[in-house]
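Engineer: Structure, please.
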Amino acid sequence: MIDPIEKITNNLDKSYSITASAGCGKTYALVSRVIALLKIGISINRLLLLTFSENAALEMKERIIDELKKNRTQQWAMSALDEIHYSPISTFHSFALEICKSFPQNLGINSQVSLLDE
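Structural biologist: Presented below is the predicted three-dimensional model:
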């Protein structure tokens, strides 16, 4: 049986959606894939990393930074460290809000749109 983490890390020409219970290694799998993509020259700013909670997005960013720091002697890691704070690693809601704020006329909405917290 193929290890799912190896599958998504070695098949970089395909897209994947990862769904699993808490504590199953989703963040580890995503970080492994991100690092593999960075190693082949993909800029971190070309990756869209979305999750459901702010905590999960922050954890994902922190883990990517940790892996980049481990590889800081490599040019790809240094470039990613310089760019990661501007890269799209967020929640689905935040990403959708940015689209709404960027294209309000196209969407026929007010540009002052915001998220409601419940």
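
Engineer: Could you measure from K14 over to E54?
Structural biologist: K14 sits 28 Å away from E54 when distances are taken as C-beta to C-beta, to the nearest Å. Backbone N, C-alpha and C define where each C-beta goes, glycine included.

Engineer: neighbour-wise, which of these two wins?
Structural biologist: Neighbour totals were compared for K14 and E54, and E54 leads with 12 against 7 (other C-beta atoms under 10 Å).

Engineer: for that one, what are its contacts?
Structural biologist: The contact partners of E54, taken as C-beta atoms under 8 Å, 6 or more residues apart in numbering, are T91, S94.

Engineer: switch the cut-off to 6 Å
Structural biologist: Taking C-beta atoms under 6 Å, 6 or more residues apart in numbering as the contact definition, E54 lies against T91.

Engineer: Burial check on the closest residue to P104 other than its chain neighbours, number of neighbours?
Structural biologist: Using C-beta to C-beta, 6 or more residues apart in numbering and skipping the chain neighbours, the partner closest in space to P104 is S111 (4.0 Å). Other residues within reach of S111, judged by other C-beta under 10 Å, total 11.
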